[in-house]
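Asker: What follows is a predicted structure for the sequence shown.
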Amino acid sequence: MNLNELTIKVCQVAKQAGVFIQNEMQHFQTSKVETKSLNQLVSYVDKNAEQKIIEGLRKIFPEAGFIAEEETVQSEQKAYMWVIDPLDGTTNFIHQLPVYSVSIALLHENEPVIGVIYEPNRAELFYAWKTGGAYLNGRKIQVKDNNCLADSLLATGFPYYDFAQMDAYLQTLQYFLKNTRGMRRMGSAAIDLAYVACGRFDGFFEYGLSPWDVAAGVLLVEEAGGKNSTFNKQGNPIFAKEIISASKGIYEEFSGVIQQQFKK
């Protein structure tokens, strides 16, 4: 399998889905929004975009199975699995906040070998393949070269349905607000990870996540020279529902704060 060539084809699938999403934004009606569960919204745009992505991916690699957020295809466990978030940042999209993305990853035995994130509002295409590096619109990218947490700009995602660890989260947030250059909350974990990969953010953490939120971004960060883990540094962050992602220069200090607060 030529991962480079396959990645280029996946990029085209992601961009086509992005074009569809942007076209629908022009006349989207909030009355068409559905609620899957507490604060988890979905619309026909998510579902139709997912179907378009699945059709495109089946053409280029029909042997792979699928893990898809909107479950428009049955999940069947195979050695190779596509992990798809057709519209990461649905709430932003619904409220016409221009921060959302298409995220596609290919896993082999649960490890990412291709990661593509397309942000249509800025026409930014992030992509990576295993041992091939990470790129933004054709330009190779790297994580921030920074060894000091105090000089870092960090990102997070606010809990929106799982509030069991709110105390630990708020204590962590308080520490970072007081001891870094600031915190940002974009509303799309895929974009957060892409921004760590290209050096816009020094680090990112969040809990309450799903595989489709992070699978592509995990590979982007790794191939850009960064590091990912769970809060306790055990298990696969793609499936653990929590992630720490950062440049290697601040990873130990960054993750140490998170680990200390969430142990309490």
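Answerer: Arrived safely, thanks for sending.
Asker: measure the residue positioned nearest the centre of the chain to V257 for me?
Answerer: When C-alpha atoms, centre = their mean is applied to the chain, the residue found nearest the centroid is A190 (2.1 Å). Distance, A190 to V257, using C-beta to C-beta, to the nearest Å: 24 Å. No exception for glycine: its C-beta is placed from N, CA and C like everyone else's.
Asker: those strands in this protein, which residues are they?
Answerer: Assigned by DSSP state E, the strands in the chain fall at 34-37, 40-42, 65-68, 80-88, 101-108, 111-119, 124-129, 133-136, 139-140, 153-156, 182-184, 203-207, 226-229, 242-247.
Asker: Switch those strands over to a markdown table; also include mean neighbour count, mean pLDDT and distance to Q26.
Answerer: Below are the strands of the chain laid out as a markdown table (neighbours: other C-beta atoms under 10 Å; pLDDT from 0 to 100; distance: least, C-beta to C-beta, whole Å):
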| stretch | mean neighbour count | mean pLDDT | distance to Q26 |
| --- | --- | --- | --- |
| strand 34-37 | 10 | 72 | 21 |
| strand 40-42 | 16 | 68 | 19 |
| strand 65-68 | 20 | 93 | 25 |
| strand 80-88 | 26 | 97 | 15 |
| strand 101-108 | 28 | 98 | 17 |
| strand 111-119 | 26 | 98 | 18 |
| strand 124-129 | 25 | 98 | 20 |
| strand 133-136 | 20 | 98 | 26 |
| strand 139-140 | 10 | 98 | 30 |
| strand 153-156 | 21 | 98 | 29 |
| strand 182-184 | 12 | 97 | 28 |
| strand 203-207 | 25 | 97 | 31 |
| strand 226-229 | 23 | 98 | 36 |
| strand 242-247 | 26 | 98 | 33 |
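Asker: Of all the ones you listed, which one is nearest M166?
Answerer: strand 203-207 (10.2 Å; C-beta to C-beta).
Asker: What strands line up against that closest one, and which way round?
Answerer: Partner strands and pairing direction for strand 203-207 (DSSP bridges) are strand 153-156 (parallel), strand 242-247 (antiparallel).
Asker: For those, give me a markdown table that also has distance to Y169.
Answerer: As requested, the strands paired with strand 203-207 are exported to a markdown table (distance: least, C-beta to C-beta, whole Å):
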| stretch | distance to Y169 |
| --- | --- |
| strand 153-156 | 8 |
| strand 242-247 | 11 |
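Asker: before we move on, back to that, tell me which residues touch the residue nearest to the centre of the chain, please.
Answerer: By C-beta atoms under 8 Å, 6 or more residues apart in numbering, A190 lies in contact with 85, 88-89, 101, 103, 117, 213-214, 216-217.
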